[in-house]
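Colleague: Would you be able to build a 3D model of this:
(2 chains)
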Amino acid sequence: MPPFKDEQIIIIAPGSEATVAQLGLPESFTPARLRFRSRMFPAEKDGEFEPYKIRRKHSEAPKAGTDGGDDDDIIYEEDRVSEEGAVWPIQEGKIVDWPCFFALVSHVYNLLNAPFHTPILLIAQPAWTPKEHEKLTHFFFEKFKMPAFSVMDSALATSWAYGVHTATVVDIGKDKVDVTAVSEFIPHTQGRVIALPGCGGEAMTQGLLSKLKSKGFTRAMCEQLKKSAICEILPIGTPLPGTPDANNQTGITNTASAASTGALGSGPAGAHTIGSIPRGPGADTEVGEEANAVDDEGVLDVASIVASGKMSEYLANKEKEKQDKVLAKKKGASTETPAAQNRAFRLPNSKREKATFMYEDHHLLDTLKGMNLGVKGLADAQASLDEGPHKKGQAVEEDEPRSAGDANGAAEPGSATSRSGPIRRELEVGVERFMAASGGVLETVADAIHRTISSVEEVNKRSELWDSLIVCGNGSRVRGFKESLLATIQSKYIISPSSATIFTSEIPSNISTPAGTGANTPQPQLGPHGSSGVNPLLLAATTAQNPHLMVHGGNPLMPNMSSHNTHSSHGQTPTSVKFVKPPEYFPEWKDVGYDEAAFLGAQVAAKVIFVVDQGQSKGYMTRPDYNEQGPPGIHDYSL
Amino acid sequence: MNVLNSSTAPNAGEYAGDEVSAIVLDPGYSTTRAGFAGEDVPKSVCPSFYGQVDSQYLFGENAIHQPLGNIQIKNPWGSDGIVEDWDTATKIWEFAITSRLTGAKATDPTKNGLNDGTANGDGGETMDVDMEGLENNEKPLEDSPLLMTEPGWNSTKAREKYIEVAMEDWGTPAFYVQKTGVLAAFASGKASGIIIDVGASMTTVTPVVDGMVLRKGVQRSPLAGNFVSNQIRLLFKQSQPEIPLMPHYLVTSKTQVDAGSPAQATYRKFDIPPTDGFRRFEEERVLTEFKESVVEVWSGQGGRFNNGTNEEIAKSQPGRPFEMPDGWNQVFGAERYRAAEGLFDASAAITDADNPRPKDEHTIPKLVQAAVQAVDADIRPMLLGSIVVTGGSTLLYKFNERLNNEINLLYPSTRNKLIAPGPVVERKYAAWIGGSILASLGSFHQMWVSKKEYDEHGPSIVEKRCR
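Modeller: Next up, the predicted model:
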């Protein structure tokens, strides 16, 4: 009998942004059931942490005197939505605050409500050092007293999920990117790019922010814009909508110059919002007059207005604006041809000049809460400010992207109740939404991949590694990211078959007359270090021309052949770049995507090491092992 | 108590928690290797180059490849294979150890919440155990002994500096330093032999007898990996038309062009361009690729490449194509043999005004000859029976065949045997692997120089204890 059952196994995968965990392996593997944002809040006592923000109601002396209770009687309130003052223990994949990290793991463990006999599989970030693995082992055994424990590298887990033994795993995280070459289920430690800063999801948010800051967008807005469906990274060479190029459909647009010069306003809609107004911060620009901004787009710091007590004024303005809009729409409908209008709605996102998304304003909510409005006042204010879809018929426009708010699937814990939920507002953005990666994110990642694969010592493995790219991590969820990354690699690194070798010099030289010494006898030569990097199609094409050249009469497409007749190919890589096809047989994962494939791989691995293998190949460390060897023993057991 | 029992906590000291693994540090000109003793490959391989932007230093693979404005790429090693810039070198080594092995140093004690009392929720007791571990980490190596490698001709001053850094700055409890030659021999399971180590900046030939370096026999020369890179640069420069060497970071996208025709690529523009040093460093990546896929050491009949008809024969061999990052591509025929020929034959080296012909006595065969001359005649056959080949530059295609030919030409009457580990990792990191083996030997424990001994005798103890 296996020592552990499927339903007992715990998997925990901490990340910079979110920690996912699950108790038990279901029949068909599912995405993690528990998702908890990787942050804790400092508790009243130093060194302790709470999972949710604790607010002190009536912090000072009883001001409003609602209950008039004792002065010492402080009432605490859990705020499940706010993230003010949170401590994020993992940054750039590294654990920076150990007490907080331990508190986080403990909280996640408690949430799982685990029974007694539960082995734990921990997914380790590549940035964690061996010494830190020991520290974690120590902590887990001492704290949770579980019977067995194992640590698995996240890149390795991803390759398990895809069921490939050799792959290049590109994990786009929050603040960092890890690139790992996994060959034969062994991650290459040399030359592995670990925690490359400045090109994760956060970098893209900052990229949006740098473009939109002049329009009054905040970081939080950009973050949600990035997660919404309207943010997209267009394929290289796609003209931005609204640029002259887009209309003429010619040539390549320089996205950067379009953004900086503001040369967008050719469409009628573009003209009235941006065309005539100079970009960038300054007195004459859009952000110059606040009152104007209020009417304009609704993109502004509502929180400060509310805080300064002008809420009713703002709401009145808003109401007026809505009516104007409706009027304008009616007017527009009469002037414009219906066909043109319809077309505008049916255009795909990449062709539209502007689009809207739902913004959940946590900051505003925090401000409201800080104002001591009382329960009813709070609810009222929230209801009046909320433009979310549940207020039907008012603010929702037809083309509102349905899934805008939660396109990321990152369901916020605690946002379940509608009343305490965030206040949603509709924001409109222009073509800046296509510029998330304008800060060179793609180039940096592509270069990191090139460096990683180039540092793999077995030269003949490299082309296989290029042909099996896996891009995962939630940072890669931005629409178009993976495709653009592939396009960047292809335009920059791919080695095309040299025109000098395809049909000319190469083949005749191979059948040159043997010299008297025998030195020139044609022999199938191995490439340097036996590179198998030959493109089989190229080989087929070249050998088909001279059938007598086909050594041993074998099929040139047979894999073992490629190790013989490789001299005509480049020793260089890549000659082709491909993504690995995600596995088809996990229906639950198929729906949400394989961005957290590491967790799927961990499920597979947990099943294998805890249930199938039963510790025969030292897949996990048991309690007696730990008692005998101590924390350093983990290196003998982890995968 | 080998019963699976999940409910009992271990008694204090029941596990072998006091057993700590030593760290092996093998610094080199191109990379710095570090890892735990007993493992088969170094976990941490960091570039020994570092970037400098104004007064800010950048360490590690991730940082030094960014094309930042005014970034300078530097190396703390001198041209003679001994560390020049000690301050930076120790920082790089520390980075190599802390970034991938031990974890970053604990944060400032006033900020990391470690001194804020003991209670930590319900996990209070166990957290304490961990905190103690953290507090000990004020110095990066407080709980691991350190074994370092050094080149065979390291000066006394440099060795004393090693132990000083390890003991004072890193707080290691025990230290030892061993020569790379000996360790490379250990990695191949030999106690005696001739170790030919062709690295990035230096080629060294070290005779080792019974685990001791014969100092008078140690030979070194600058004809190594960097020399080959330089030869390739000259090859590019002297070919007609000149071959443009374009690093990756300058290219945005390339288009396919016919062989030999000028590149058509879109180039990246920089407001503040990185320095020439950075460009040279990035060009080195392309040259490495060139070495891996094109360069071949002539190993045919007649020994030297420019002997007799060898060049004609080489011309009839199939060429190897190479594509630059900007799309320029060409097939390299006979000239691909020329790049590495200078390692063996000084007269065949490509030269120009700035790069004079290398000295004859610096070629590898001459080094071996000089090393063998320096040892007693009766042990020469024994040494020639185990010639260990190591270093990244020995991975040049057909290098070993050529070396074998050369040595057999020099010593036709002895049984010469070349020992070159097949796996690339073992060839590249032989000295580190030897260190890993040595430091995990039980009998080695009495050799460590302990902190106490150091405190008593000062840095000069390293001369007495580590021979």
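
Colleague: give me every residue that touches A:Lys94.
Modeller: Applying C-beta atoms under 8 Å, 6 or more residues apart in numbering or on different chains to A:Lys94 gives the contacts A:125, A:127-128, A:195, B:104. All C-beta atoms are positioned from the backbone trio N, CA, C, and that covers glycine.

Colleague: and it, backbone torsions?
Modeller: Backbone torsions of A:Lys94, given as degrees, to the nearest 10, read phi -100, psi 150.

Colleague: Just the pLDDT at residue 9, thanks.
Modeller: The chain I'm using is chain A. Looking at A:Ile9, its pLDDT is 91.

Colleague: wrong one, I was asking about chain B
Modeller: 48.

Colleague: picking that back up, give the buried subset of the contacts of A:Lys94 as a PyMOL selection command.
Modeller: In PyMOL, this line selects whichever of those come out buried by 16 or more other C-beta atoms under 10 Å in any protein chain shown:
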select buried, chain A and resi 125+127+128+195
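
Colleague: Out of the contacts of A:Lys94, flag the one nearest to B:Phe270.
Modeller: Of all those, A:Ala195 has the smallest distance to B:Phe270: 25.3 Å, by C-beta to C-beta.

Colleague: what's near enough to touch that closest one?
Modeller: Listed by C-beta under 8 Å, 6+ apart, the contact partners of A:Ala195 are A:92-94, A:125-127, A:176-178, B:62.

Colleague: quick one: it is in a strand?
Modeller: Yes. With DSSP: H, G, I helix; E, B strand; the rest coil as the criterion, A:Ala195 is part of a strand.

Colleague: circling back: same list as before, the contacts of A:Lys94 that is, but in TSV and with secondary structure, pLDDT and distance to A:Ala436 included.
Modeller: Below are the contacts of A:Lys94 laid out as TSV (DSSP: H, G, I helix; E, B strand; the rest coil; pLDDT from 0 to 100; distance: C-beta to C-beta, whole Å):
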residue	secondary structure	pLDDT	distance to A:Ala436
A:Gln125	coil	90	24
A:Ala127	coil	89	24
A:Trp128	coil	91	29
A:Ala195	strand	84	21
B:Ala104	coil	66	30
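
Colleague: that older thread, can you flag which of the contacts of A:Ala195 belong to strands?
Modeller: A:94, A:176-178 (DSSP state E).

Colleague: Just flag the most distant two among those.
Modeller: A:Lys94 and A:Val177 (13.7 Å).

Colleague: Going by distance to B:Gly152, which of the contacts of A:Ala195 wins?
Modeller: B:Asn62 (32.9 Å).

Colleague: Between the contacts of A:Ala195, identify the one with the most neighbours.
Modeller: A:Val177 (31 neighbours; other C-beta atoms under 10 Å in any protein chain shown).

Colleague: thought it was touching A:Arg192?
Modeller: No. The criterion here is C-beta atoms under 8 Å, and A:Val177 misses it with A:Arg192 at 11.6 Å.

Colleague: what phi and what psi does the backbone show at B:Gln178?
Modeller: phi -130, psi 150.

Colleague: Please tell me how far it sits from A:Pro497.
Modeller: As judged by C-beta to C-beta, to the nearest Å, B:Gln178 and A:Pro497 stand 49 Å apart.

Colleague: got any ranges where the stretch 251-400 of chain A has weak pLDDT?
Modeller: A:251-311, A:314, A:318, A:321-322, A:324-347, A:366, A:369-378, A:381-382, A:385-400 (pLDDT under 70).

Colleague: for the stretch 101-250 of chain B, that is, sorry about that
Modeller: Checking the stretch 101-250 of chain B against pLDDT under 70 turns up B:104-138.

Colleague: Same question for the stretch 451-600 of chain A.
Modeller: Using pLDDT under 70, the stretch 451-600 of chain A drops low at A:499-570.

Colleague: ranges for the strands of it?
Modeller: A:469-472 (DSSP state E, counting those that start in this stretch).

Colleague: now, among the ones in strands among the contacts of A:Ala195, which is nearest to chain B?
Modeller: If you rank these by distance to chain B using C-beta to the nearest C-beta, A:Lys94 comes first, at 7.0 Å.

Colleague: Can you spell out which residues form a bridge with the closest one?
Modeller: Counting by DSSP bridges, A:Lys94 forms beta bridges with A:Gln91.

Colleague: the more surrounded of B:Gln178 and A:Pro497?
Modeller: B:Gln178 (25 against 20).

Colleague: how about the spatially closest residue to that one that is not a sequence neighbour, secondary structure?
Modeller: Ranked by C-beta to C-beta, 6 or more residues apart in numbering or on different chains and with sequence neighbours excluded, the top spatial neighbour of B:Gln178 is B:Thr149, at 6.1 Å. Here B:Thr149 is strand, with the state taken from three-state DSSP.

Colleague: pLDDT value on A:Ala410, please?
Modeller: 38.

Colleague: next one: the one 3 residues further on
Modeller: Confidence per residue is given as pLDDT, and for A:Pro413 that number is 39.

Colleague: same question, B:Ala353
Modeller: 84.

Colleague: now swap in B:Gly35 and tell me
Modeller: B:Gly35 is given a pLDDT of 93.

Colleague: which bits of the stretch 201-350 of chain A sit near chain B?
Modeller: A:Ile236 (C-beta under 8 Å from any C-beta of the partner chain).

Colleague: Closest residue of the stretch 201-350 of chain A to chain B?
Modeller: Using C-beta to the nearest C-beta, the closest approach of the stretch 201-350 of chain A to chain B is made by A:Ile236 at 7.5 Å.

Colleague: hang on, the earlier thing: contacts only, for the residue nearest to B:Gln178.
Modeller: Contacts of B:Thr149 (C-beta under 8 Å, 6+ apart): B:24-27, B:177-180, B:183, B:431-432, B:435.

Colleague: A:Lys131 is in what secondary structure piece?
Modeller: helix A:130-144 (DSSP states H and E).

Colleague: Packing partners of that helix?
Modeller: helix A:98-112, strand A:120-124, strand A:148-153, helix A:623-629, helix A:634-637, helix B:124-135 (3 or more C-beta pairs under 8 Å, 6 or more residues apart in numbering or on different chains; DSSP states H and E).

Colleague: by contact count, what packs against the shortest one?
Modeller: The contact analysis (3+ C-beta pairs under 8 Å, 6+ apart) places helix A:634-637 against helix A:130-144, strand A:148-153, strand A:621-622.
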